[in-house]
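J.: curious how this folds, go ahead:
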Amino acid sequence: MGEYQRLNIALISWLVIVEVVQAVIYAHRIFGYKPAHELPVYILMIAAAVAAQAWWLVWGRKRRMDCGFVLSETVLTALQLCALWQMLIYSHRPQLAQYALNVLLMLSVLNKIFWPQVRRFMSACLYAFTNPVWIMALRPWADAACAVFIAALIYVPDPEAAVAKMFMGEHFHHYDMMVVAPAFACLKGLLLYIDTFTTYGFGMPFIVAWLAERVGGFSDLTVFKMIVVLCMAAYVSYYIFLRYLFKSVVLSMAAIFMGIKWQMFYTFAYPMTFTYANSTALRFGTDSLFLLMIILHMRAHRRGFLWMAAACAGFAAFFIISTGVDLIFAFWAYLTLHLIVKEYRPYVVGQKLNLWKVAGLYAAPLVCAFAFYASVAGQYAFGKLFWHNMSEAQRLFLDGFVYSPYFNGWRHGEYLNDWMGLALPTVLLGTMVFIVINALTGRGRYEAMFFLVMSVYGYSMYAHFAALCVGNNYYMRALPFVFVCFYWIKQGIDRLPEAWRPRAALGVLALSAFALFSNHNYISHPNIFNFSRNPMVDPLVAEPLPDGRPYFFHQEATTESFLLPVNSLGEKDQGFVYEYQFPDHESLKAYYRKESDFSREGNFIAGLTSPDEPVALLCSYDWRILHAANRKPLFYTTPMFGNRPLRARTLADSSIYHKDFLKRELDLLETRKPGLIFIQKIYLTTTDPKEYFKDANTKGLIFLLDYIRRHYEPFKEDGHLAALKRKD
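T.: Numbering: from 1, shown residues only. Prediction:
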């Protein structure tokens, strides 16, 4: 039997399998319809579809010998199976997958009927994408078009609606803790780690406050717009870096698609992309400056760029300390390998080894970081208290406050999460070893140094997931892993025959694009490509929680053991509304503006305090109320609570995570003895829900409230707030 006959047998055998699968899908779809006619007609419809498929298996024998036809049918069948899978995964909202399946079924029928025309069209497209003449003509515009497209994937045309959804879903809990509350404290002239605390970085809140005040006025909306713009700029910069290294528009875009999918649209951020500010470019965006300096040094070998890279790593440590530490490790790895490999050594220290210069390069990131800290903290940067308070969040982390066992996923049946959690360090560590060995043996390419930096950077960031193995939270640090994976994909494509390389790259791009654009978290993202003009509330794209509950107000208690008899206004009605009650974005934004207007509470505080007087406030949305009053907070722990709707009949979670937090606040009240304390009236209740106080984090709040009840008495009240006057 000749090779040609074997090929025909293989093609026909494979296509028979594909066609049988398609027949099953056709039957499945027909079974899904509910005809109003008699059962025999229903059975006839199914039999006709299966008979038509069987007839096609006989009639289209000659056509099935075409490799292109086999490939197109395989792709269509795979997409149909994927649509069925998506219908199962998103069974609570399967409409989009159902529409996609119907379209794919029509395309598969048309592909069989009009295959000659389809083949000519596909050949023309493939020729256009791989023709050197077309490539040269489009090259000047390709990079600019890709940059614009990347920005458009992230851009949010209606940012106020997105902010409204964050307000309704999480009440800005993580948003406040990570970014806005410490930024407001900086805006009011308070010094972080001396007057108030922050959990994610010293410089970031200071810079966010300074910029927001100048580009639109400090507000939730302004800060959100800044985060979106920073994300757009970061991913465009990553494209530029990869474009320089890969020398391929197609592979660079494929890497960016996968990076956006894993970093922004992973399940843990569901169902609102920007819920966790620490998973956005606000946390890791400063690495763009560092990576730019590394690439410039690799390209020009000018030592000035190396010093600038050290300064950028130091600035990153000032902006977000964890990101800065990761970049400093990456910088040291880059520097060390240059010093070890004789051919690379002149790029960092010149022809003659100077130990003082080497020591200066190693110390430069630390010196720059301290200089940035001292420029803001002043004399406190030279004292013990500042650094002790800065390490407080890290000590909580190391003490196991947010600890989760490494194999937590296997214990709860989430096997993919743990396998991916193991794959990340394996790939990154393996890449480090491979690049170092090649460099030491003289077989490596100098461009691989960039991916050594990315591997060390990603491996250092992985420590977060190792200590907090929750769900697929490893995707919060996914970008270095993605770029390193595409480094290996590029190595594999370069080993293919030259004629196959463009097609392989296009195949990788198609898979990456499919992975991103079929992801429901991306589909619900409110960018300009969204199917709906009201994606925040449209049931077609707005996702509920996995258990089917609405996302809006999902954190509020529904069991009586958590509920108080009445709320702060003495009412039973909590005023909760849900997505399906809003016909469009305008109604959602109108509700948000009304509920986020704290001018009444602000005027109440402003009328009882002087402008330069720090205010002791115990209430959800505390910084927003103080912003409306134009006052600064007194408490070091700000925000004191996780936010809860003011009309809720529940108590918020406390931010007093440790006995040292409680001691600090009690000492402050004893030392400063504020004449008035403003408190949300629901915390004056004598009916404490038992379930609430089972949480260890609330024990500190119990002692704080007890102190207030013993030393303060009611003075005035207005709306949700009560003013308590000191007794002594």
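
J.: might one say that residue 589 is in contact with residue 164?
T.: Yes: applying Cβ atoms under 8 Å, one finds residue 589 in contact with residue 164, separated by 5.4 Å. Quick note: C-beta positions are derived from backbone N, CA and C, even for glycine.

J.: hmm, who's touching stretch 250-264?
T.: Contacts to stretch 250-264, defined as Cβ atoms under 8 Å, 6 or more residues apart in numbering, come from residues 146, 150, 153-154, 231, 235, 238-239, 242-243, 246, 273, 279-280, 475-476, 478-479, 481-483, 485-486, 489-490, 493, 502, 505-506, 508-509, 511-513, 515-516, 519, 522, 525.

J.: buried set for that stretch?
T.: 250-264 (16 or more other Cβ atoms under 10 Å).

J.: for residue 211, state which of these is nearest.
T.: Nearest to residue 211, judged by Cβ to Cβ, of those is residue 264 at 21.9 Å.

J.: distance check, that closest one against residue 507.
T.: 24 Å (Cβ to Cβ, to the nearest Å).

J.: same deal with residue 673?
T.: Distance of residue 673 to residue 507, computed by Cβ to Cβ: 71 Å.

J.: neighbour-wise, which of these two wins?
T.: Using other Cβ atoms under 10 Å as the criterion, residue 673 and residue 507 rank with residue 507 on top: 14 against 10.

J.: hmm, back to that, can you say which of the contacts of stretch 250-264 are buried?
T.: Among the contacts of stretch 250-264, those classed as buried by 16+ other Cβ under 10 Å are 146, 150, 153-154, 231, 235, 238-239, 242-243, 246, 273, 279-280, 475-476, 478-479, 481-483, 485-486, 489-490, 493, 502, 505-506, 508-509, 512, 515-516, 519, 522, 525.

J.: next step: the residues you listed restricted to helices.
T.: 146, 150, 153-154, 231, 235, 238-239, 242-243, 246, 479, 481-483, 485-486, 489-490, 493, 502, 505-506, 508-509, 512, 515-516, 522 (DSSP state H).

J.: what helix or strand is residue 69 located in?
T.: Here residue 69 is covered by helix 67-89, with elements defined by DSSP states H and E.

J.: buried ones in the helix or strand following that helix?
T.: On the C-terminal side of helix 67-89, the closest following helix or strand by DSSP H and E is helix 95-113. Under the neighbour-count criterion of 16+ other Cβ under 10 Å, helix 95-113 has 96-97, 100-101, 104-105, 108, 111-112 buried.

J.: out of residue 589 and residue 164, which sits in the more crowded spot?
T.: Per other Cβ under 10 Å, whichever of residue 589 and residue 164 has more neighbours is residue 164, with 26 against 17.

J.: mind checking which helix or strand that one is in?
T.: Going by DSSP H and E, residue 164 is part of helix 159-169.

J.: residues touching that helix, excluding its own?
T.: 156, 172, 175, 220-221, 224-225, 228, 271-272, 274-275, 526, 534, 536, 551-554, 577, 585, 588-589, 591-592, 595-596.

J.: related to what we said a few turns ago, if we only consider the buried residues of helix 95-113, which is nearest to residue 199?
T.: When these are compared against residue 199 (criterion: Cβ to Cβ), the nearest one is residue 96, at 37.1 Å.

J.: is it correct that that closest one is in contact with residue 542?
T.: No: counting by Cβ under 8 Å, residue 96 does not reach residue 542; the two are 11.6 Å apart.

J.: returning to that earlier point: now find how far off-centre the helix holding residue 164 is within its chain.
T.: 16 Å (Cα atoms, centre = their mean, to the nearest Å).

J.: pLDDT of it, averaged?
T.: The average pLDDT within helix 159-169 is 90.

J.: so residue 527 sits in a helix?
T.: No: going by DSSP: H, G, I helix; E, B strand; the rest coil, the assignment for residue 527 is coil, not a helix.

J.: can you give me the distance of it to residue 259?
T.: According to Cβ to Cβ, residue 527 and residue 259 sit 16 Å apart.

J.: and what of residue 607?
T.: For residue 607, the distance to residue 259 - Cβ to Cβ - is 51 Å.

J.: quick one: the strands in the stretch 601-728 of the chain?
T.: For the stretch 601-728 of the chain, strands defined by DSSP state E, counting those that start in this stretch occupy the ranges 616-618, 676-680, 712-718, 721-726.

J.: residue 657: which of these is closest?
T.: strand 616-618 (16.2 Å).

J.: helices or strands up against that closest one?
T.: Other elements packing on strand 616-618 under the criterion 3 or more Cβ pairs under 8 Å, 6 or more residues apart in numbering; DSSP states H and E are strand 676-680.

J.: tell me how far the ends of stretch 267-275 are from each other?
T.: 12 Å (Cα to Cα, to the nearest Å).

J.: list phi and psi for residue 196.
T.: Per-residue torsions, residue 196: phi -160, psi 170 (degrees, to the nearest 10).

J.: residues in a beta bridge with it, which ones?
T.: residue 192 (DSSP bridges).

J.: which residues does it contact?
T.: Contacts of residue 196 by Cβ under 8 Å, 6+ apart are 182, 185, 190, 633, 635-638.

J.: could you check the distance from it over to residue 624?
T.: Distance, residue 196 to residue 624, using Cβ to Cβ: 16 Å.

J.: equivalent analysis for residue 388, please.
T.: Distance of residue 388 to residue 624, given as Cβ to Cβ: 30 Å.

J.: okay, these two: which has more neighbours?
T.: residue 624 (24 against 11).

J.: any idea of the pLDDT on the more buried one?
T.: At residue 624, pLDDT is 91.

J.: not counting sequence-adjacent ones, nearest residue to it?
T.: Ranked by Cβ to Cβ, 6 or more residues apart in numbering and with sequence neighbours excluded, the top spatial neighbour of residue 624 is residue 598, at 5.1 Å.
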